[in-house]
Structure formats: C-alpha cells, structure tokens
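Colleague: Task: produce atomic coordinates for the following.
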Amino acid sequence: MRTGTILLAIASLFAGCANGTHFNSTGGIMEYSSHIVLEDTPQGFTAQIANPWKKNTLLHSYTFSTEASTDYSFNRNSNTIQVPLQRIVVMTNSLAHLMVELGAVDCIAGVCEPEYIADSTVCARLADGTIVDCGNSMYPTIEKIMELKPDAIMVSPFEETGYGQLEKLGIPLLECADYMETSPLARAEWMRFYGRLFGVGNNADTLFQQVKSNYQTLCEVAAKTPLRPRVMLDTKSGSAWYVAGGGSTIGQMITDAGGNYIFAENKNSGSVPLSFETVFEKAQDADVWLLKNSSSNNLTYKLLESDYKQYSSFKPFKERNIWVCDVYQVPYFELTAFHPEILLADFMAIFHPELSHARTFYHPLDE
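Modeller: Numbers count the residues shown, from 1 in each chain. The predicted structure is shown next:
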C-alpha cells in the first residue's frame, strides 16, 4: 500500500520556457500574487507570468485582445490571443471546477484525467460527450486535441521539462503557474486571470473578494488562540520523504490556522526530499500529523504501521492525533486551490477544537 501525498511533480509533463527577460512583480491589478502581473488595456488585458524557478525572469508574456489574434508561436513572447476564449482544453481538475463556479463551463471542450474529476457538471458533460477525454496529462492524446480545435490549452509549467508535441500545434499554451505561489490568497487570486480569459472577469473578482474576506476572518480568529501545536505532514515515498517547504501555500496555511509547521524555516515553495532520519529528528515530538491518503483502501493506524514500522515512533501516532484526507473520496484538489478558506477551517478545527469549526476534508485516522 502506498500512502502519503500525491506528488504534483510525479504528474508533470510540462515546464516553462526561461529567458533573460526580467520580471516586474509590481503594478497591475493583482493584490497578492507574485508570479503574475495583470494590466487592463482598452482592448483587453496583458499578463506577465514569472518563472518560478529563476528569480526576476519571465516565463511568458501574453497580450489578450478582443481584436484579432496573431499567429501563435510558443517560442515567441508577446503573442496576441483573442478573448474571450470559447473552447479550451483543461489539464487540471481544480481549474475545471473553477470554470463551473465562474459560469464558464461551456468553454471546456476537453479535459485530461477525468477519473480525478468529481465536479458533477463536468462529469455529466463527459458522459454525454459534450466534454472530451483528452487522455493522461503526462501523455495527452494529441489527435483528440487537434480535432477539438481549441482556442487554447491550459497547461501547468514544471522545471526543466518541455511540452513536447503541444508546442508544435500552433494552439496557444497558457502557462498556469498558480500552484507555485507562496501564499493561499496569492494562488486563489489567479482566478481573476482565468475569469478574464472567458469573459467572466467580474464574476471572478467578486468570488475572490468573498474568498479573501472569509479567509482573513478565519485568520483573525486563529491569531487569538493561545496554543500553537507543532504540525507535521504526509509520509515517505520510496526512499525520500517529500515535505512541503515553509514557503509553500500549505506551510503558510498551517501558520495562518494557528499551527507551528515544523519545517517553517525552510523557505522553499515546493516539495523538498528529505531522509526519514532528517524528518524524524525534526518531527518526532510533533503534536499533530496531517496525512493525505491516495489509496482506495481505508487507512488505519495498523495499516500505517505495517507500511513503515518507524511511523509508530512519532508522538502523534502514539497519542492518536493523526488526521487523514482521503483525496479520492473528497474533492480536495478541486476545491483547495481556489478556496483556501475551506481548508483553513479544517486546520483550525484540528489545531483548535474549542473553536468548533466544521471539517470538510480531514477526519481522525481509524484504528
């Protein structure tokens, strides 16, 4: 049995193109995001996407206009793309769900890995053929994508890999680096970019203001709690334990919820591979252990110990304070990217049960 987090890097096919252009992270309409600058123009808007792996460099620059597009080339910055987009292929379930929420589901022509999509509207359209299954996100079915003739393909950039044949189709690839933001509200704010692509920018702005207000209200409550439980995450995968860096959205959220993340001093915004011994040295006396179960089997203390006996040496195991999210049974990945306030409420309920918040994703690990 394999337990622990679904590593985003394992599912990756893509990476952004790097160049020497400097990225200006100031200005524009975005309030929190550090990896995208949006500026409205008379004909539409522009978007500069930062390279998350090379500081002060540009990943991609786009001009979106209600006027005609230019011929698209992936290797050329300053492509002009006509908006609103009418037909797109979506690579992530979180964006597909957001488009439903924003009222732009009609723009989804195809998706990848529909088996991981829980949204009932998208699933119904997959069933009747309105939305097409374009295969695995690592190896998308190029022929189906070409048949759909989408206006754009929404892709996730990853370091030091390419987009393969997708780069050669002449179809705009819109690089969605929201997952590399270092705060929950910064990532959620990317919905303002996505909304503008589909002509529902006002809907996106309104939704973000609601998310922001709810998140900040919860933070104010958490800030008043006197205790700060020490929190550890996930389990080892093979020979390494991939821990979220303290600069990640999840690391920031633990702090916002009134917890003390044990790897907060590591400012990496992605996952960091560590040995079991290194993690044990830091986390053996943690108070709370949060797990994501990617197996269809019900995870228990007994199964966790049988998977790796040394897990039983951690304090949360001994004191039965492990909490698990069954990611195939709840829409964790669909909701948390753009609704961090829901996950924050879960964390607060776990760290500070006296607050009596409802939980959406996590439950106590069974015996």
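
Colleague: For residue 242, give its distance to residue 144.
Modeller: 32 Å (CB to CB, to the nearest Å). Every residue, glycine included, has its C-beta placed from N, CA and C.

Colleague: Comparing these two, which residue is more hemmed in?
Modeller: Ranked by neighbour count (other CB atoms under 10 Å), residue 242 and residue 144 place residue 242 first, with 22 against 15.

Colleague: For the more buried one, which three-state class applies?
Modeller: For residue 242, the assignment made with DSSP: H, G, I helix; E, B strand; the rest coil gives strand.

Colleague: cool, and the one 5 residues further on?
Modeller: Recorded secondary structure, residue 247: coil (three-state DSSP).

Colleague: Would you mind listing where the chain has pLDDT under the threshold?
Modeller: 1-27 (pLDDT under 70).

Colleague: how about the helices of it, start to end?
Modeller: 93-102, 120-128, 142-148, 184-188, 191-197, 201-223, 249-256, 276-283, 301-307, 315-318, 332-336, 340-351 (DSSP state H).

Colleague: Can I get the shortest one as CSV, trimmed to CA atoms?
Modeller: Included here for helix 315-318 are C-alpha records, laid out as CSV according to Å, rounded to 0.1, in the frame of the first residue of the first chain:
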residue,chain,number,x,y,z
LYS,A,315,4.3,11.3,19.1
PRO,A,316,1.1,11.9,17.1
PHE,A,317,1.0,8.1,16.3
LYS,A,318,1.4,7.2,20.0
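
Colleague: What is the neighbour count of residue 106?
Modeller: If we define neighbours as other CB under 10 Å, then residue 106 has 14 of them.

Colleague: sorry, that was for residue 127
Modeller: 10.

Colleague: One more: residue 142?
Modeller: Residue 142: 15 neighbours (other CB under 10 Å).

Colleague: Ignoring the adjacent residues along the chain, who's closest to it?
Modeller: Of all residues beyond its chain neighbours, the one nearest residue 142 is residue 165 (5.2 Å), with distances taken as CB to CB, 6 or more residues apart in numbering.

Colleague: Check the spacing between that neighbour and residue 71 real quick.
Modeller: Residue 165 is 18 Å from residue 71, where distance means CB to CB.

Colleague: who's more crowded, these two?
Modeller: For residue 165 and residue 71, the more surrounded residue by other CB under 10 Å is residue 165, and the numbers stand at 11 against 8.

Colleague: what sits against residue 73?
Modeller: 79, 170 (CB atoms under 8 Å, 6 or more residues apart in numbering).

Colleague: Just put the helices of the chain in JSON lines and tack on distance to residue 29.
Modeller: Putting those into JSON lines (distance: least, CB to CB, whole Å) gives the following:
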{"stretch": "helix 93-102", "distance to residue 29": "17"}
{"stretch": "helix 120-128", "distance to residue 29": "28"}
{"stretch": "helix 142-148", "distance to residue 29": "31"}
{"stretch": "helix 184-188", "distance to residue 29": "14"}
{"stretch": "helix 191-197", "distance to residue 29": "7"}
{"stretch": "helix 201-223", "distance to residue 29": "9"}
{"stretch": "helix 249-256", "distance to residue 29": "21"}
{"stretch": "helix 276-283", "distance to residue 29": "40"}
{"stretch": "helix 301-307", "distance to residue 29": "46"}
{"stretch": "helix 315-318", "distance to residue 29": "43"}
{"stretch": "helix 332-336", "distance to residue 29": "24"}
{"stretch": "helix 340-351", "distance to residue 29": "20"}
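
Colleague: which stretch among the ones you listed comes nearest residue 59?
Modeller: helix 191-197 (13.4 Å; CB to CB).

Colleague: ok, and what's touching the closest one?
Modeller: 29-30, 36, 38, 44-45, 47, 64, 83-85, 95, 98-99, 102, 104, 152, 174, 176, 201-205, 207-208, 338.

Colleague: Drop anything exposed from those.
Modeller: Neighbour counting with 16 or more other CB atoms under 10 Å marks 29-30, 36, 38, 44-45, 47, 64, 83-85, 95, 98-99, 102, 104, 152, 174, 176, 201, 203-204, 207-208, 338 as buried within those.

Colleague: List the buried residues in stretch 222-242.
Modeller: Within stretch 222-242, the residues scored as buried using 16+ other CB under 10 Å are 222, 225, 228-237, 240-242.

Colleague: same question, stretch 161-177
Modeller: Within stretch 161-177, the residues scored as buried using 16+ other CB under 10 Å are 163, 166-167, 169, 171-177.

Colleague: Contacts made by that stretch with the rest, please.
Modeller: Against stretch 161-177 from outside (CB under 8 Å, 6+ apart): 12-16, 35-36, 49-50, 52, 59-60, 62, 71-75, 79, 81, 91-92, 95, 140, 142, 145-146, 150-157, 190, 194, 197.

Colleague: Same check on stretch 212-228?
Modeller: Contacts for stretch 212-228 (CB under 8 Å, 6+ apart): 184-185, 188, 256-260, 340-341, 344-345, 348, 351-352, 355.

Colleague: cool, and stretch 249-256?
Modeller: By CB under 8 Å, 6+ apart, stretch 249-256 touches 181-184, 186-187, 215, 218-219, 222, 231, 233, 244-245, 260-261, 263-264, 269, 340, 343-344, 347.

Colleague: and stretch 180-192, how far apart are its ends?
Modeller: 16 Å (CA to CA, to the nearest Å).

Colleague: nope, stretch 241-256 is what I meant
Modeller: Stretch 241-256 has an end-to-end distance of 24 Å (CA to CA).

Colleague: Touching, residue 84 and residue 199? I think so.
Modeller: Yes. Contact status for residue 84 versus residue 199: in contact at 3.2 Å, counting by CB atoms under 8 Å.

Colleague: which pair in the contacts of stretch 212-228 spans the largest distance?
Modeller: 188 and 260 (23.5 Å).

Colleague: of these two, who's got more company?
Modeller: Applying other CB under 10 Å to residue 188 and residue 260 shows that residue 188 carries more neighbours, namely 26 against 16.
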